[in-house]
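**Student:** okay, predicted coordinates and the sequence, questions at the end:
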Amino acid sequence: MAYSDKSRSAFSEEIASIKEKGLYKEKRFICSPQHSEIEVEFPEGAERRKVLNFCANNYLGLSSHPDVVAAAHRGLDDRGYGMSSVGFICGTQDLHRELQDKVSAFLGMEDTLLFPSCMDANSGVFEAILSPQDVIIADRLIHASLVDGIRLCSASYDTFKHMDMGHLEKKLILHQDKRLRLVVTDGVFSMDGDLIPLDELCALCEKYDAMVLVDDSHASGFIGKTGRGTHEHFGVIDKVDIITTTFGKGLGGASGGCVSGRREVVELCRQKARPYLFSNSVAPPIVAASIKVIDLISASTERRDKLERNTARFRKGITEAGLLIRAGETPIVPVMLFNATLANNMARDMYAEGIYVIGFFFPVVPAGAARIRVQLSAAHEDHHIDQCVDAFRKVGEKYGIIGLDKNAIIAKYGM
Amino acid sequence: MDGMKDVVLEYIREEYVDDEDDVELDENTPLISSGMVDSFSMVSLKTFLEMKYGIKLPDEEASPEAFDTVDSICALVRKHQG
């Protein structure tokens, strides 16, 4: 047998080691549509319970929106279930073209190419456009998919301290000998919820002749006055050369991603990006629903406005309750606990209070920066948010961290 | 030899330690395994060493283990200085 005892034992040891380090991901089953209130089976086999969901990327609350669901049904009826093909053979329908055009218009970009996911877009874009004589200069906390894409690319790469524009400038100066420079960042960082100062970054890139790539997965649809993203928020729509983003978060929450940007960049991705060339195109129901999402958020800012209000309500409430959060304005709100065990225990107790949140700790976030990440949604109502704040207050009191600053929490629980 | 340690320590302080961080750093401080330097941003250190000492560090040798302390980094550089 090819799968020998030796193989089984090697894999089992690794799984045991993951468990020992406290990094094991438990199975959790959602037994309802994705929404602010969900039904969860956790641990596996336990009785289902209704909880409030504060850990989904369902920023605009569109995952189960009736218009989006209806559009997916229409897509299924009109264009079928799947394409059984990659995009460049016979996998691109008129629907795909329509979505690409609408995304280009929405983001203010010249052209767009769909990928099966933003992970795929990020995996493919760098190698498609850069060569060994080029350099990528990336913020140190960019998403793992960008890291993977950069590592797959033949260009050299360097990094700058998180959101440190002075450090970025030093790196831009250091790499003036390269043919092309590409600065890479998230628009909104998924663990801290902070916004890259994109106006300053773009000014530096203009000064030192560098292109700009922004992964706006945690921004598209709701950051900026009309939800175009981080580039709108900072007034630099025409300065960003490439945006990668997903339809799996605010923009409907199913799957699919894209590279949107300068015409030649998108064309090179169409010709060379391996995840585009070697995986199936996005399924028609998802494309049809994504078109509806872009239509909905282009017609009205109602949902992003509600998300903004919800975010402000939660940030104010949790701060007044005496918990420590990272300051900011995005719907990603890390409640800082610093100690991994404390983050895990508090998340478990929050679940018992009917609030579904998750603790994050090293290596997902830097060592000593454990937190519970709360994500707001336009699907939340005021009473949901108040219930979440009340639960944090109660659980925070249990652990004696109410009103404590960083040093006091660390003194009590360690890092 | 100590000169190299000082140079590497100084670079790590400038490149990886934020001003507000209260970090004690010496030649035995774990860099990668402690999370101070992550495996992605380690490339900046590798590039610095190659430029500073005129060497080429093969990717397979520039492992997180080899880069975990200033002592082990200096040993790797010396090996490639010949």
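**Tutor:** Yes, it's here.
**Student:** where does residue A:39 sit: helix, strand or coil?
**Tutor:** Judged by DSSP: H, G, I helix; E, B strand; the rest coil, the three-state class of residue A:39 is strand.
**Student:** contact residues of the stretch 101-250 of chain A facing chain B?
**Tutor:** Selection of the stretch 101-250 of chain A residues close to chain B by Cβ under 8 Å from any Cβ of the partner chain yields A:138, A:140, A:147, A:156-159, A:161. To be clear about C-beta, it is placed using only N, CA and C from the backbone, and glycine gets the same treatment.
**Student:** swap that for the stretch 301-415 of chain A, please
**Tutor:** A:362-363, A:366-368.
**Student:** quick check on the residues you listed: which are buried?
**Tutor:** The neighbour-count criterion (16 or more other Cβ atoms under 10 Å in any protein chain shown) marks A:362, A:366-368 among these as buried.
**Student:** got phi/psi on residue A:107?
**Tutor:** phi -90, psi -10 (degrees, to the nearest 10).
**Student:** filter the residues of the stretch 301-415 of chain A next to chain B down to just the ones in strands.
**Tutor:** Counting by DSSP state E, no part of those is found in strands.
**Student:** let's have those residues in TSV, adding pLDDT.
**Tutor:** Converted to TSV, these look like this (pLDDT from 0 to 100):
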residue	pLDDT
A:362	84
A:363	81
A:366	83
A:367	81
A:368	88
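**Student:** would you mind giving those as a markdown table with distance to residue A:258 added?
**Tutor:** Formatted as a markdown table, those follow (distance: Cβ to Cβ, whole Å):
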| residue | distance to residue A:258 |
| --- | --- |
| A:362 | 32 |
| A:363 | 29 |
| A:366 | 30 |
| A:367 | 34 |
| A:368 | 36 |
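**Student:** out of those, what pair is the most spread apart?
**Tutor:** Based on Cβ to Cβ, the longest span within those runs between A:363 and A:368 and measures 11.9 Å.
**Student:** what sits in contact with each of the two?
**Tutor:** By Cβ atoms under 8 Å, 6 or more residues apart in numbering or on different chains, residue A:363 and residue A:368 have these common neighbours: residue B:35.
**Student:** mind listing the helices for the stretch 101-250 of chain A?
**Tutor:** A:118-129, A:144-151, A:165-174, A:198-207, A:230-233 (DSSP state H, counting those that start in this stretch).
**Student:** which stretch among these is buried most, on average?
**Tutor:** helix A:118-129 (a mean of 26; mean count of other Cβ atoms under 10 Å in any protein chain shown).
**Student:** give me the contacts around it.
**Tutor:** Contacts for helix A:118-129 (Cβ under 8 Å, 6+ apart): A:115, A:136, A:143, A:145-146, A:148-150, A:152-155, A:182, A:213, A:215, A:217, A:242, A:244-246, A:248, A:257-259, A:265, A:268-269, A:271-276, A:279.
**Student:** quick one: it to helix A:144-151, angle?
**Tutor:** 20 degrees (axes from the mean of the first three to the mean of the last three Cα atoms, to 10 degrees).
**Student:** ok now helix A:118-129, how far from the chain's centre?
**Tutor:** 16 Å (Cα atoms, centre = their mean, to the nearest Å).
**Student:** so residue A:225 makes contact with residue A:231?
**Tutor:** No - using Cβ atoms under 8 Å as the test, residue A:225 is too far from residue A:231 to be in contact (11.9 Å).
**Student:** list residues touching both of those two?
**Tutor:** Counting by Cβ under 8 Å, 6+ apart, nothing touches both residue A:225 and residue A:231.
**Student:** the residue of the stretch 201-350 of chain A found nearest chain B - nearest residue in space that isn't next to it in sequence?
**Tutor:** Nearest residue of the stretch 201-350 of chain A to chain B: residue A:340, at 11.7 Å (Cβ to the nearest Cβ). Counting by Cβ to Cβ, 6 or more residues apart in numbering or on different chains, the nearest residue to residue A:340 once its immediate chain neighbours are dropped is residue A:361, at 3.6 Å.
**Student:** and that neighbour, how far from chain B?
**Tutor:** 10 Å (Cβ to the nearest Cβ, to the nearest Å).
**Student:** could you find the closest non-adjacent residue to residue A:190?
**Tutor:** Nearest one to residue A:190, counting by Cβ to Cβ, 6+ apart, is residue A:218 at 5.2 Å.
**Student:** OK, contacts around the one you found?
**Tutor:** A:57, A:59, A:186-190, A:193, A:249-250, A:330, A:332.
**Student:** one more time with 10 Å
**Tutor:** A:57, A:59, A:143, A:186-191, A:193, A:195, A:229-230, A:245-246, A:249-250, A:330-332, A:375 (Cβ atoms under 10 Å, 6 or more residues apart in numbering or on different chains).
**Student:** just residue A:114 next, same as before
**Tutor:** Per Cβ under 10 Å, 6+ apart, neighbours of residue A:114: A:87, A:91-92, A:96-97, A:99-100, A:103, A:120-121, A:247, A:256-260, A:276, A:281-282, A:286-287, A:290.
**Student:** still on that earlier bit, per-residue confidence for the residue nearest to residue A:340?
**Tutor:** At residue A:361 the predicted local confidence, pLDDT, stands at 89.
**Student:** work out for me the element residue 44 sits within.
**Tutor:** By default, I'm working from chain A. Assigned by DSSP states H and E, residue A:44 belongs to neither a helix nor a strand.
**Student:** I was thinking of chain B, sorry if that wasn't clear
**Tutor:** helix B:42-53.
**Student:** and that helix, what other elements does it pack with?
**Tutor:** If you count contacts as 3 or more Cβ pairs under 10 Å, 6 or more residues apart in numbering or on different chains; DSSP states H and E, helix B:42-53 packs onto strand A:135-139, strand A:156-160, helix A:165-174, helix B:2-16, helix B:70-81.
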